[in-house]
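1. Next comes the sequence, and after it the predicted model I'd like to discuss.
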Amino acid sequence: MSGSDKFKNKQILVVGATGDLGCSIARHLKAEGAELVISGRNAEKLNALAQELGGDSLSVDLSDSAGRAQLVEAVGVLDGLVYAAGVAPVAPVRYLKDADLEACLNVNTTGPLLLVRDLLKNKKLNAGASIVWLSSVAAARGSAGYAAYAASKAGLEASARCLALELAPKRIRVNCMAPGMIETEMAATAAERISGEALTAHLKAYPLGTGQPADVAAAASFLLSESSRWVTGVTLPVDGGFSIQ
């Protein structure tokens, strides 16, 4: 099977397609033949990506029940779902704002779980479908200022393990990816908030150096494909060796 046929006749929804990682994943899947539905909150970026890739697009806020309902109604029956949306408030706990914490948990943890719930209720996931959620190395490694983000991603991974067991009778697989330092706009913004010395020390913890969005996209493709048909309930590190030290 050629690369362009890997996901032939497969319907895949990519949520968070306007972020660097979601956009890279969408492009990768399109090149492998997927029929895409893309979603994101930045309407301008989403429209541009939709024109580039073709397929359907919908700009919605999935932290809102009406936005989820709109998306679920718009999609067909899916063979794959990638949830790449996320926010990362960086602040010591004593400076953490209520609204930032609530948004972080809503977007990163509650949103993906409720979206899957609604897709299941509306019979929008095929038997044998694959669900991939983006977590982070922050879920397993402590880092000052990242309490809210780390909590949201740890909760996401725990939910994925439970959901994997629930959906196994339908052969629906649920897995997470945990990227490390990927060269994205979000990572650059976070890096601006810490000292140069601390950033240099952090980057030295990656034996293979920092990663690119394409590295995450390739891992997502694996977890969505039949090549991982016996893999469920796991979190795949995509971190250049960061987690083994």
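-> Yep, it's here.

2. could you say which helix or strand contains residue 230?
-> Per DSSP states H and E, residue 230 falls between elements, in no helix or strand.

3. what are the ranges of the helices in this protein?
-> Assigned by DSSP state H, the helices in the chain fall at 20-31, 43-53, 65-74, 98-105, 111-121, 147-167, 185-191, 196-203, 213-224.

4. now, of these, which is deepest in the fold?
-> helix 20-31 (a mean of 24; mean count of other CB atoms under 10 Å). (C-beta placed from N, C-alpha, C; glycine too.)

5. Run through the neighbouring helices and strands of that one.
-> With contacts defined as 3 or more CB pairs under 8 Å, 6 or more residues apart in numbering; DSSP states H and E, the packing partners of helix 20-31 are strand 11-15, strand 35-39, helix 43-53, strand 78-83, helix 213-224.

6. switch to 10 Å and redo it
-> In terms of contacts (3 or more CB pairs under 10 Å, 6 or more residues apart in numbering; DSSP states H and E), helix 20-31 is packed against strand 11-15, strand 35-39, helix 43-53, strand 78-83, strand 125-134, strand 173-179, helix 185-191, helix 213-224.

7. partners of the second one, with directions?
-> Right, the one you point to is strand 35-39. Under the criterion DSSP bridges, strand 35-39 sits next to strand 11-15 (parallel), strand 56-58 (parallel) in its sheet.

8. Return the member of the ones you listed having the minimum mean pLDDT.
-> For the strands paired with strand 35-39, the weakest mean pLDDT is recorded on strand 56-58, namely a mean of 94.

9. how close does the closest residue to residue 128 other than its chain neighbours get to residue 140?
-> Distances taken as CB to CB, 6 or more residues apart in numbering place residue 171 nearest to residue 128, at 4.5 Å, with adjacent residues excluded. Distance check for residue 171 against residue 140: by CB to CB, to the nearest Å, it reads 28 Å.

10. How about residue 132?
-> Distance from residue 132 to residue 140, by CB to CB: 18 Å.

11. Looking at the two now, which is surrounded by more residues?
-> The neighbour count for residue 132 versus residue 140, taken as other CB atoms under 10 Å, is higher for residue 132 (26 against 15).

12. do you know how far the more buried one is from residue 171?
-> Counting by CB to CB - residue 132 and residue 171 are separated by 15 Å.
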